[in-house]
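**Q** okay, here's the prediction I keep looking at, along with the sequence it came from:
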Amino acid sequence: MEVFQTHGAFSWNELMTSDPEAAMGFYKSLLGWSIETMHMPSGPYHVIKVGDASIGGIMKTPPEAGPMPPAWGGYVTVDNVDALVAKVPGLGGKVFVAPTDIPGVGRFSVIADPQGAVLNLITYEAPAHK
């Protein structure tokens, strides 16, 4: 199964924290992860790798997230994030971040189910063919 293309598959995990450096040091020592830093318009994004596989990221909590403790968030791949997010309110959920583009990655949204559990949905851009 290709998790970046399979509707409904968990495909990415991301830690938002006030201290990315401390978090990276902890997880590198604990789990042996390697980290590659990408420079994004919003600041550094640290891609977690196990061997050659990119499995997640660590980033500084953005100011617009408001006060929140450090937290891991999962991303689920969906075929069409806009169409799926349009269904959320009718099912009793909430949309916290409307569908938004991540240049070079895809389009994501942050939702919550009726009980308040938060989940990130993402439609990845098609891989470039050379």
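**A** Structure received.

**Q** only C-alpha atoms from now on, for both contacts and neighbour counts.
**A** Noted.

**Q** can you give the domain ranges for the protein?
**A** 1-12+73-129, 19-60 (the TED database).

**Q** so which of the ones you listed comes closest to Pro67?
**A** Closest approach to Pro67 among these (CA to CA): domain 19-60, 12.3 Å.

**Q** give the rounded mean pLDDT of stretch 85-96.
**A** For stretch 85-96, mean pLDDT rounds to 97.

**Q** roughly how far does Val95 sit from Leu119?
**A** In this view, Val95 and Leu119 are 10 Å apart by CA to CA, to the nearest Å.

**Q** thinking again about what came up before, is it possible to get a markdown table of the domains of the chain that adds distance to Pro67?
**A** Listed next are the domains of the chain as a markdown table, based on distance: least, CA to CA, whole Å:
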| stretch | distance to Pro67 |
| --- | --- |
| domain 1-12+73-129 | 15 |
| domain 19-60 | 12 |
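
**Q** redo these as TSV? Include mean neighbour count.
**A** Shown next, in TSV, are the domains of the chain (neighbours: other CA atoms under 10 Å):
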stretch	mean neighbour count
domain 1-12+73-129	16
domain 19-60	15
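
**Q** now the helices for this structure?
**A** 20-31, 81-87 (DSSP state H).

**Q** which residues sit against the last one?
**A** Under the contact criterion CA atoms under 8 Å, 6 or more residues apart in numbering, helix 81-87 has outside partners Val78, Val95, Ala98, Pro99, Arg107, Phe108, Ser109, Ile111, Leu121, Ile122, Thr123.

**Q** centre of the chain to that helix, how far?
**A** On the basis of CA atoms, centre = their mean, to the nearest Å, helix 81-87 sits 17 Å off its chain's mean C-alpha point.
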